[in-house]
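*Asks:* Build me a model from this:
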Amino acid sequence: MDLRQLRYFQAVAHAGRISEAARQLGLSQPALSIALRKLEEEIGVPLFDRDHRGVHLTAGGRELLDAVGQATLLIERGRERIAGLENEPLGRFVLGCPQVLGAYFLPGFAGRFIDAHPQIDLVVWCGPSRQVEARVLAREVQFGVVTHPVAHPDLVLVELFRDEVALLAREQPPPGFAQAVAWLRRQTLLHPPHVPQAMEIADALAARGMLPARRIEVGDVQLVCELALAGVGVGILPRRVAAHGGRGRLHPVHAKLPAVADTIRLIYRADMHRTRAATLLKDALAAHGRALA
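*Replies:* Just a heads-up that it's a prediction; the model follows:
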């Protein structure tokens, strides 16, 4: 059975006459009679008793009419909810970002956005930028805030702000370049091997003969920051991560030493369904990110 058949059945049940229902539906009486007969054959029971006064529901017909009424109500409520998702600021969205980036990006954003739009539910998923990209492409995450996303035809990339991955230390290094390099080589280098920019800096130091002999691989960027703040060594860190939290200050070792520019972007699928809530969230993320610039 299909919705058209059920609509015909409902009209006949309410009208009490096939001729009157056909007139209301804009159908010929024979066409409506054939549709009813097919519905009865599909269900397997008669739905109407017929006499000279018209048609009357059988017990099976009354059960079906009640079920059709409930189904129609559910469909109408669903239609209203769908219309609400299109036009009202409500919905559920997953926002993905690396944990260390989210630590300074989200606190200034989430509270204000939730207060302004209480019917929009946010879920934050944390993972490396490449994993966030993969989840956005797989439609598991609606929006991502990531560093250096890879260009993809299915992704929209919106530049938010810039950062720099550099060599940072608690101790103020000597001002001269040669003295700073000699000082660096005596330190312990703290670097996160999973961050491509950090490995690029380490490789550049090695190529120029500036790599410290003592190195510690640290699997978490925030822990690199904590160790550098504790004076354990020189960290390879994004400057914004180093500046976040206010527990202490890390100094750049020297401006002439290798550093890598970092660009943070908002990403989402190009074919994302742009409901009002999705547009509000996209615009708010972009505005907050650009304010950080």
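*Asks:* any idea how far Asp283 is from Pro98?
*Replies:* 22 Å (C-beta to C-beta, to the nearest Å). All C-beta spots, glycine's among them, are computed from the backbone N, C-alpha and C.
*Asks:* of these two, who's got more company?
*Replies:* Pro98 (23 against 10; other C-beta atoms under 10 Å).
*Asks:* residues in contact with that one?
*Replies:* Cys126, Gly127, Pro128, Ser129, Val132, Val146, Thr147, Val221 (C-beta atoms under 8 Å, 6 or more residues apart in numbering).
*Asks:* what's the burial count for the fourth one?
*Replies:* Same thing as Ser129. If you count neighbours by other C-beta under 10 Å, Ser129 ends up with 23.
*Asks:* Find the residue closest to it in space, skipping its chain neighbours.
*Replies:* When the adjacent residues along the chain are set aside, Ser129 lies closest to Val146, with 3.8 Å between them (C-beta to C-beta, 6 or more residues apart in numbering).
*Asks:* cool, the last one as well?
*Replies:* In space, and not counting its chain neighbours, Val221 is closest to Val100: 4.3 Å by C-beta to C-beta, 6+ apart.
*Asks:* just the first one next, same as before
*Replies:* Spatial nearest neighbour of Cys126, excluding adjacent residues (C-beta to C-beta, 6+ apart): Gln99 at 4.3 Å.
*Asks:* What of Ala293?
*Replies:* Residue nearest to Ala293 in three dimensions, not counting chain neighbours: Phe161, with 3.9 Å by C-beta to C-beta, 6+ apart.
*Asks:* For Leu36, see how far away that neighbour is.
*Replies:* If you go by C-beta to C-beta, the gap between Phe161 and Leu36 works out to 66 Å.
*Asks:* Compare neighbour counts for those two and give me the winner.
*Replies:* Leu36 (19 against 16).
*Asks:* Show me which residues of the helix or strand containing the more buried one are buried.
*Replies:* Leu36 belongs to helix 29-43 when elements are defined using DSSP states H and E. For helix 29-43, the neighbour count (16 or more other C-beta atoms under 10 Å) marks Leu32, Ser33, Ala35, Leu36, Leu39, Glu40, Ile43 as buried.
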